[in-house]
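Quick one, what's the 3D model for this:
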Amino acid sequence: MPLKLFLSVLLISLQSAGGCHSPSHRLGKSSSDFFVRGGFNPKEIVLNCKIVEKNTDLTFALYKQLVSQGSDLNVIFSPLRVSMILSLLTLGTHSVTRAQILMGLGFNLKEIQEDTIHKFFQNLILNLNLPSPDLDLYMGSALFVEERLRLLEDFSQNAKTTYMSETLNIDFQYPVRAQKRINDYISEQTHQKIVGLVKDVDASTMMILVDYIYFKASWDREFDPKRTKESDFIVSEKIIVKVPMMTHEDVHYYFRDRSLSCSVLHMTFASNESALFVLPDQGQMKRVEAALTQKIMKRWLKGLKKRAMELHIPKLSLSGKYAMQKILPALKITSLFSKESDVSSIIDLSNKPSHLTPLLTQMIQQAQFEMDETGPHTANKSYIKVKMSAARHHVLEFNRPFLVMVLTQPNQSILLLGKVVNPKEMEGSSAASST
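The predicted structure follows:
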């Protein structure tokens with residue numbers, strides 16, 4: 001049996017056994033290629049599915065922390081990027097600091113070797129960064145360190161080769177200049193999509209870790225912009241706003257979760273990602289949020305079935321900025337942000353000024369997600385309207401708060417997770433975002 005076919009069959013069997021939670025109708029355009037390019041053997045594929053499961057657990061733990069800051073606010077963040085930068089930090093931390101990070105990630109090194117974890121993230125980053133005309137994806141991270149502290153070459157090299165992350169010395173003694181340099185760097189990396197990421201830098205700052213992601217993709221079957229109309233969106237009992245509502249008549253993958261009173265819709269992008277939308281019935285959002293688990297995620301993806309549908313969903317432009325040093329302690333990751341943190345494989349502690357403490361002052365993530373009819377590169381296109389019997393097709397209207405996830409292929413890692421409370425408000429940052 002050819003290697004690619006064997007790996008694809010193995011992946012399907014793992015998914016059916018509950019190992020990786022991919023929907024049965026689509027493995028992804030490069031599902032077998034991912035494993036072949038990464039050089040994974042069957043044992044590593046099993047371990048990779050365990051990593052995905054741990055990432056999913058962290059995803060929903062983080063989400064619940066974010067919404068606890070304010071349930072009436074939009075949310076958009078990248079849980080996968082949080083997992084990546086935490087895993088990156090295990091390359092340079094030790095003792096309690098490292099142990100807390102691994103525990104927060106859910107990784108037991110007796111079950112999954114550290115090299116397997118880093119290799120998983122490395123190959124996922126490489127696959128996400130493959131160029132596509134149907135996708136604008138700018139993502140990365142950078143650690144800015146006070147120039148009087150010497151960065152260790154091994155850490156800087158491993159950060160770059162494994163996680164495509166930069167480590168840069170900067171003079172925080174001139175905080176205004178340092179802040180501008182960091183923000184200019186992020187703006188350049190995201191093609192000016194993300195600006196003004198860092199604030200409140202002062203002369204006592206020693207280290208800042210920034211993470212960023214911008215995502216906009218074209219659909220497999222695009223919406224016709226001519227059919228987009230202003231429609232009501234019910235934010236709450238007292239607030240109704242007008243939003244540009246896109247319309248799409250086609251066969252979609254759909255699941256009605258009667259036990260949680262919500263509808264689930266899966267749509268594919270023309271790139272190698274997909275979107276999962278969860279629409280709770282009126283007044284059922286908190287119930288759905290409380291139930292978010294890996295088990296529920298698998299149930300939704302497994303239950304998706306084809307259905308002729310008239311879909312109405314708003315155009316979106318969401319941005320969220322979060323100070324992880326205020327969020328991660330709730331997950332028992334505290335040492336990293338304390339004066340007792342052990343970063344002895346990041347900073348040369350034997351050669352630092354005695355009065356300087358290499359403290360990670362800020363760890364900030366900003367995520368931006370845009371969704372419209374056509375994607376990042378508009379062109380003259382024809383749009384196919386599927387004729388459906390009025391008696392048989394289902395109308396699904398996202399005219400109230402809902403959840404959105406962007407999933408990677410082939411293992412359905414959650415690249416982005418958002419809550420849309422009010423599509424008219426772009427900013428999704430909560431109180432936790434203040435630095």
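
Quick one: the strands in the stretch 201-350 of the chain, in order.
With DSSP state E, counting those that start in this stretch as the definition, the stretch 201-350 of the chain shows strands at residue ranges 207-217, 229-234, 240-257, 262-268, 273-280, 305-314, 316-323.

what's the angle from the fourth one to strand 273-280?
Between the axes of strand 262-268 and strand 273-280, defined by axes from the mean of the first three to the mean of the last three Cα atoms, to 10 degrees, the angle is 170 degrees.

for strand 262-268, packing partners?
When contacts are defined as 3 or more Cβ pairs under 8 Å, 6 or more residues apart in numbering; DSSP states H and E, strand 262-268 sits against strand 240-257, strand 273-280, helix 294-303. To be clear about C-beta, it is placed using only N, CA and C from the backbone, and glycine gets the same treatment.

Buried residues in the shortest one, which are they?
Meaning strand 273-280. 273-280 (16 or more other Cβ atoms under 10 Å).

rewinding a little: so which of the strands of the stretch 201-350 of the chain is the most packed in?
Comparing the strands of the stretch 201-350 of the chain by mean neighbour count (mean count of other Cβ atoms under 10 Å), strand 207-217 ranks first with a mean of 24.

before we move on, back to that, quick check, nearest of the buried residues of strand 273-280 to Met139?
Met139 has its nearest neighbour among the buried residues of strand 273-280 in Glu273, at 12.2 Å by Cβ to Cβ.

need the contact list for that closest one.
Neighbour list for Glu273: 135, 217, 406-409, 415 [criterion: Cβ atoms under 8 Å, 6 or more residues apart in numbering].

From Lys226, how far out is it?
Applying Cβ to Cβ, to the nearest Å, the value for Glu273 to Lys226 is 26 Å.

Give me the distance between the two termini of stretch 199-211.
Start-to-end span of stretch 199-211 (Cα to Cα, to the nearest Å) is 14 Å.

For that stretch, what is the distance to the chain centroid?
Stretch 199-211 has its C-alpha centroid displaced from the chain centroid by 23 Å (Cα atoms, centre = their mean, to the nearest Å).

Same question for stretch 177-186.
Distance of stretch 177-186 from the chain centroid (Cα atoms, centre = their mean) equals 24 Å.

Give the buried residues for it.
Judged by neighbour count using 16+ other Cβ under 10 Å, the buried positions of stretch 177-186 are 178-179, 181-183, 185-186.

Output it in CSV, but only the C-alpha positions, please.
Taking C-alpha atoms only, stretch 177-186 is exported to CSV below (Å, rounded to 0.1, in the frame of the first residue of the first chain):
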residue,chain,number,x,y,z
ARG,A,177,11.4,54.7,21.5
ALA,A,178,11.2,51.1,22.5
GLN,A,179,7.4,50.9,22.3
LYS,A,180,7.5,52.5,18.8
ARG,A,181,10.1,50.0,17.6
ILE,A,182,8.0,47.1,18.8
ASN,A,183,4.8,48.4,17.3
ASP,A,184,6.5,49.2,14.0
TYR,A,185,7.9,45.7,13.9
ILE,A,186,4.4,44.1,14.3
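
could you give the mean pLDDT of it?
Mean per-residue pLDDT for stretch 177-186: 98.

Ok, stretch 251-262 next?
The model assigns stretch 251-262 a mean pLDDT of 97.

That stretch spans what distance, first to last residue?
Stretch 251-262 end-to-end distance (Cα to Cα) = 19 Å.

contacting residues around that stretch?
Stretch 251-262 is contacted from outside by 23, 25, 263-267, 278-281, 284, 287-288, 291, 296, 299-300, 303-309, 311, 386, 394, 396, using Cβ under 8 Å, 6+ apart.

Mind putting the buried residues of stretch 177-186 into TSV with secondary structure?
Below are the buried residues of stretch 177-186 laid out as TSV (DSSP: H, G, I helix; E, B strand; the rest coil):
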residue	secondary structure
Ala178	helix
Gln179	helix
Arg181	helix
Ile182	helix
Asn183	helix
Tyr185	helix
Ile186	helix
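
from those, which is closest to Lys43?
Among the buried residues of stretch 177-186, Ile186 lies closest to Lys43 (Cβ to Cβ), at 38.7 Å.

thought the closest one was touching Tyr212?
Yes: using Cβ atoms under 8 Å as the test, Ile186 is close enough to Tyr212 to be in contact (5.6 Å).

who's in contact with Asp232?
Asp232 makes contact with 240-243, 399 under the criterion Cβ under 8 Å, 6+ apart.

ok, now Gln173?
For Gln173, the contact set (Cβ under 8 Å, 6+ apart) comprises Ala203.

go on, the one 10 residues further on?
Listed by Cβ under 8 Å, 6+ apart, the contact set of Asn183 reads 195-198.

top of these by neighbour count?
Scoring the contacts of Asn183 on neighbours with other Cβ atoms under 10 Å, the highest-scoring entry is Val198 at 22 neighbours.

Not counting sequence-adjacent ones, nearest residue to it?
Nearest non-adjacent residue to Val198, counting by Cβ to Cβ, 6 or more residues apart in numbering: Ile182, 4.8 Å away.

what do you get for Pro376?
Asp136 is the one closest to Pro376 (Cβ to Cβ, 6+ apart), at 4.1 Å.

who does the helix or strand the one you found falls within pair up with?
Take DSSP states H and E as the rule and Asp136 turns out to sit in strand 135-146. Applying DSSP bridges, strand 135-146 is found paired with strand 166-170 (parallel), strand 207-217 (antiparallel).

Run a quick check on Asp348 versus Leu152, I expect a contact.
Yes: applying Cβ under 8 Å, one finds Asp348 in contact with Leu152, separated by 5.7 Å.

Would you verify that Leu80 is located in a helix?
Yes: membership of Leu80 in a helix is supported by three-state DSSP.

and the residue nearest the centre of the chain, backbone torsions?
With distances taken as Cα atoms, centre = their mean, Ser78 lies nearest the centre of the chain, 2.5 Å away. For Ser78, the backbone dihedrals (degrees, to the nearest 10) come out as phi -110, psi 100.

Check whether it really touches Ala367, as I assumed.
Yes: if you go by Cβ under 8 Å, Ser78 and Ala367 touch, sitting 4.9 Å apart.

Return every residue with contacts to both of the two.
Common neighbours of Ser78 and Ala367, using Cβ under 8 Å, 6+ apart, are 213, 416.

sorry, back to before: can I get the contacts of Asp232 in TSV with pLDDT?
Below are these laid out as TSV (pLDDT from 0 to 100):
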residue	pLDDT
Ile240	97
Val241	97
Lys242	97
Val243	97
Asn399	98
